[in-house]
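1. take a look and give me a structure for this.
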Amino acid sequence: MNINLKSIVTPILILLFLMPPTLVSFIPLAIRSEYYYLVIFIGWITSFLFFFKSVFLNTDKSSASLFTIILLSSGIVTFVVKGEISLFNLLFPLLSLMGYKICVNHKINPKHWMNAYFIFLYILFYIFYFSIIPDYFYRPDFNEDFLSGSSSNAIPLALNTTLYAYMILNFFYKSAAQRSILIISIINLLLNIIQQGRGGIIIGLILVFMALYEYAPRFIYKIRYFGFIVLFLVLYTATEAIINSPILNSGFYNNQTELLEYSFFTEKRIMAQLSFFNQLTVNNFFFGFPANTYFSDDVYQMNYTYNMFLDFWNKYNLLTLFILISIIINRIVNRNDFLFPAYYLIPFLIYAMIEYVYLTNFKDLFIYLVLFVKRDSTIPS
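-> Residues are numbered from 1 along each chain as shown. Model (predicted):
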């Protein structure tokens, strides 16, 4: 039986790269690793069955393969030095490279599948979150751990990163989905505001401006000064609303100074990153910390820092971090040599500083596209 590969590429990308980090919040903590291994195994089987030539035989002229080899080598060296290994540090780069090679070798139109997937996400999050919160803008004592070990920040993460991936695919394949993306970006921003995640709101705003710019560049140019003012006011208002919301200001803080101290120095992301640097020694400076090291207090018990660069350093080593930073700097300096505009790096870099989303994870495929596809590359047709 002959299968039209063009018809199955987009659902495969959704099932293997976009859906797993979203659905994992509904998977019991005890079997999440098995769930990840199962998805990665399905990715390998799918590549062998449907994309053997494009994944395993076609050569890659970009730096994506070299970067993957560096990650694999670094993971092995770090394993030898530390005596411990995380298979995900080796499996995720391989999975991302396979997805990358599928994308650069097959022409697709992701519009209808991606629109349908967003409808699925809206229904999913409405049932499990928005329909049960007591009020859209006032949620005292509401338990955010509504999913298995995940806070409601899983919602903006899923919405924003999926929209970001949609924008990348649309730009890469020229699938004319700008209008759908703009509508989705506005809906996402409203849901992010209701959820009240600071990072989600900021990324949501950036994606709205990106979507508006790509849908109507002349319009965004005409209102550019007005847009900057509105963006500043929205950011300022959202920040003030979050800082002074009943969720934070619930009687635990006697004055504004204490509140500000809470919102920065005792924010768990800041605490984790400060803990990372405070625990650095000669022994762990180059190759990172042992697996049982926590970057938090006794309450949170986190073995990650919410900062992609620090976690990348810890998972691989300092030299590999320098290589990654060099790739990003080269990507910005020589931006005219690459297919994607430099502003496509903005959501990636902001999320890299505040959330554990990319490198290494399922959605790295889309970062590979932004980082490595050159302007003169042969786009699938």
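2. just for this protein, where's the confidence low?
-> The model of the chain has pLDDT under 70 over residues 1-3, 138-150, 219-267, 297-301, 379-381.
3. strands of that one, start to end?
-> Counting by DSSP state E, the chain has no strands at all.
4. surely Phe286 meets Leu319?
-> Yes - at 7.5 Å, Phe286 counts as touching Leu319 under the criterion of Cβ atoms under 8 Å. C-betas here are computed from N, CA, C, even on glycine.
5. excluding its backbone neighbours, what's nearest Tyr368?
-> Among residues not flanking Tyr368 along the chain, Tyr100 sits closest, at 4.3 Å (Cβ to Cβ, 6 or more residues apart in numbering).
6. distance of that neighbour from Pro290?
-> Counting by Cβ to Cβ, to the nearest Å, the separation of Tyr100 from Pro290 is 32 Å.
7. burial of Tyr36, as a residue count?
-> Using other Cβ atoms under 10 Å, Tyr36 is surrounded by 20 other residues.
8. hmm, it is touching Pro20, no?
-> Yes - using Cβ under 8 Å, Tyr36 is in contact with Pro20, at 7.0 Å.
9. what's across from Phe338 in the sheet?
-> Beta bridges link Phe338 to Lys374 when assigned by DSSP bridges.
10. and it, how many residues sit next to it?
-> Using other Cβ under 10 Å: Phe338 sits among 22 other residues.
11. pretty sure the residue nearest to Tyr368 is touching Leu369, no?
-> Yes - taking Cβ under 8 Å as the definition, Tyr100 is a contact partner of Leu369 at 6.6 Å.
12. stretch 303-316: end-to-end distance?
-> 15 Å (Cα to Cα, to the nearest Å).
13. give me the number of residues near the closest residue to Asn89 other than its chain neighbours?
-> Counting by Cβ to Cβ, 6+ apart, Asn89 lies nearest to Gly75, which is 4.4 Å off, once chain neighbours are set aside. Gly75 is flanked by 23 other residues according to other Cβ under 10 Å.
14. of Tyr100 and Pro290, which one has the most company?
-> Using other Cβ under 10 Å as the criterion, Tyr100 and Pro290 rank with Tyr100 on top: 26 against 12.
15. check contacts around the more buried one.
-> Residues near Tyr100 by Cβ atoms under 8 Å, 6 or more residues apart in numbering: Asp60, Ala64, Leu365, Tyr368, Leu369, Phe372.
16. and it, how far is that from Glu355?
-> In terms of Cβ to Cβ, Tyr100 sits 22 Å off from Glu355.
17. got it, and Asp60?
-> Plainly put, Asp60 is 29 Å away from Glu355 if you go by Cβ to Cβ.
18. do the same with Gln279
-> 21 Å.
19. same thing with Phe309?
-> 12 Å.
20. between the two, which one's more packed in?
-> Under the criterion of other Cβ under 10 Å, the comparison of Phe309 against Glu355 puts Glu355 first, with 22 against 17.
21. please name the residues that touch that one.
-> With Cβ under 8 Å, 6+ apart, Glu355 has these contacts: Asn153, Leu157, Gly199, Tyr306, Met308.
22. mind redoing it with 10 Å?
-> When contacts are counted by Cβ atoms under 10 Å, 6 or more residues apart in numbering, Glu355 touches 153, 156-157, 160-161, 197, 199-200, 203, 269, 304, 306-308.
23. closest one of those residues to Phe50?
-> Closest approach between the contacts of Glu355 and Phe50, by Cβ to Cβ: Thr161, at 25.0 Å.
24. thinking Ala116 is in contact with Ile14, fair?
-> Yes - shown here, Ala116 and Ile14 form a contact pair, counting by Cβ atoms under 10 Å, at 9.0 Å.
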